[in-house]
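Engineer: Provide a 3D model corresponding to the input given below.
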Amino acid sequence: MVHVTLLLSTATASIRKNKKLWFGIAFGILIVFAALRYGFGNDYFSYYRLFNKAKAGDDAFAKEPMFSFLVWLCPNFYVFIALTSLMTILPVFFLMKKYVAESYRWIAFLIYCINPYLFLMSLSTIRQMLALSCFIFAVHFSRKRKIIPYLIFIALAVTCHASAIILLPVYFIANDKKVSRIQLMTLLLIMLVLLIDKNAFGRLIQLVLKLLHITKYSDYTVRGGNALRATLLTSVWFLYIAVNLHRLYGRTLTFAKLSLIAYTVDILAYRFSMLTRITMYFEIFSVVSLPMILYQNNTVFKNETGKFAFVNKYVFPALILTIYVLRYYSFFANPMWESFRVYHTVFSVI
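Structural biologist: Predicted structure coming up:
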């Protein structure tokens, strides 16, 4: 049922006639799938228990008042699931519709579905996904250089998940300002140092957590990191954006920079896996950056020839698609994500 739904919705999004209509229907399929789910995802029953505790008067979400308000607003948990599904999927629809060229939206939708850490994981990490939804709108205002609406949406994000406070300085990055080769080389050098010195990044993380007065995740800094294979595969996305970054412009540049943050953090997660929590805030923007890099390479730079052009236009996209397929397979083969394999609707318990 899960694979059929994702395949059906992607096929619907790729219909060429009446593109806008079918693209909306494709998102409608995902919303219905998410809103009617029961027991789907690792955190479903954890949220179920916390919801009931909150309804019984327990102050389960004292530090996240917006989330507490949503719990208070919903008469039961199933309405809560439906409402939060709508609130976390519609902003992604807005993101693609607003910033991806119409003929490339089906690719954006494919990325959203085939990357299990985007749509599927959003059904489990509800609080952080609500914060991410606020962040999507914050970035929209950051591009317009409207700092007040940006701060308002970041504040809303923090009331959904306290970790969103780290998004505050992104205002200075989420814009169309060019990234120089020197800046990119500096980033690569810093990453190299942090990857080689296994203690340096731990001290840096502890310092940041201390400055932000966050103690909840401090113990993660002593835990292991991501696997080397996963890190190497992530490096392909990083390199694809990095080699194109200097010639991007406009919205493509904005979202490429945000995606680069995601892949930078994901690579550094080789040392400390807890960093993937930060990745979640930025990887969603790959649904804009990757299709729009393809778009610019096939329009603005369509007459380019040579080895670099061949690798950039064909080898990188083919390799990225292959990695997505492998990651999708690996996700469902991993016992950790067993709760995502079988789909049940709420009608089975009502």
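
Engineer: other residues contacting the helix or strand harbouring I293?
Structural biologist: If you go by DSSP states H and E, I293 is part of helix 286-298. For helix 286-298, the surrounding residues in contact (Cβ atoms under 8 Å, 6 or more residues apart in numbering) are 92, 95-96, 99-101, 103-105, 107-109, 111-112, 115, 118, 237, 240-241, 244, 247-248, 251-252, 255-256, 258-259, 262, 304, 312-313, 317, 320. All C-beta atoms are positioned from the backbone trio N, CA, C, and that covers glycine.

Engineer: mind doing that once more with 6 Å?
Structural biologist: Helix 286-298 is contacted by residues 99-101, 104, 107-108, 111-112, 244, 252, 255-256, 259, 313 when judged by Cβ atoms under 6 Å, 6 or more residues apart in numbering.

Engineer: ends of stretch 165-185, what's the gap?
Structural biologist: In stretch 165-185, first residue to last residue: 28 Å (Cα to Cα, to the nearest Å).

Engineer: so where's the stretch 1-150 of the chain shaky on pLDDT?
Structural biologist: The stretch 1-150 of the chain contains residues with pLDDT under 70 at 60, 62.

Engineer: sorry, back to before: most neighbours among the contacts of helix 286-298, which one?
Structural biologist: Counting neighbours by other Cβ atoms under 10 Å, F255 leads those with 29 neighbours.

Engineer: F285 is in contact with that residue, correct?
Structural biologist: Yes - F255 lies in contact with F285 (Cβ atoms under 6 Å); the separation is 4.5 Å.

Engineer: if we can go back for a sec, which one of the contacts of helix 286-298 sits closest to Y324?
Structural biologist: Lowest distance from Y324 to those (Cβ to Cβ) belongs to I111, with 7.2 Å.

Engineer: how about the contacts made by the closest one?
Structural biologist: V287.

Engineer: quick one, phi psi at it?
Structural biologist: Main-chain dihedrals, I111, degrees, to the nearest 10: phi -60, psi -40.

Engineer: got the buried residues for stretch 230-239?
Structural biologist: A230, T231, L233, T234, W237, F238 (16 or more other Cβ atoms under 10 Å).

Engineer: pick out the most distant pair among the contacts of helix 286-298.
Structural biologist: Longest span within the contacts of helix 286-298, Cβ to Cβ: Y112 and K313, 22.6 Å.

Engineer: what about the helices in the stretch 1-150 of the chain?
Structural biologist: Secondary structure of the stretch 1-150 of the chain (DSSP state H, counting those that start in this stretch): helices at 2-13, 19-35, 44-55, 65-73, 77-99, 105-114, 119-122, 126-143, 147-160.

Engineer: wait, isn't S124 in contact with Y44?
Structural biologist: No - S124 is beyond contact range of Y44, at 7.0 Å (criterion: Cβ under 6 Å).

Engineer: low-confidence regions, the stretch 151-300 of the chain specifically.
Structural biologist: The model of the stretch 151-300 of the chain has pLDDT under 70 over residues 198, 200-202, 205, 208-224.

Engineer: show me where it has helices.
Structural biologist: With DSSP H, counting those that start in this stretch as the criterion, the stretch 151-300 of the chain has helices spanning 181-196, 200-211, 228-245, 250-268, 276-283, 286-298.

Engineer: against which helices or strands is the shortest one packed?
Structural biologist: Using 3 or more Cβ pairs under 6 Å, 6 or more residues apart in numbering; DSSP states H and E as the contact criterion, the secondary-structure elements in contact with helix 276-283 are helix 126-143, helix 250-268.

Engineer: likewise the longest one?
Structural biologist: Contacts of helix 250-268 with other secondary structure elements, assessed using 3+ Cβ pairs under 6 Å, 6+ apart, are made with helix 228-245, helix 276-283, helix 286-298.

Engineer: would you reformat the helices of the stretch 1-150 of the chain as TSV and include distance to F340?
Structural biologist: Listed next are the helices of the stretch 1-150 of the chain as TSV, based on distance: least, Cβ to Cβ, whole Å:
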stretch	distance to F340
helix 2-13	7
helix 19-35	12
helix 44-55	10
helix 65-73	23
helix 77-99	15
helix 105-114	13
helix 119-122	6
helix 126-143	15
helix 147-160	23
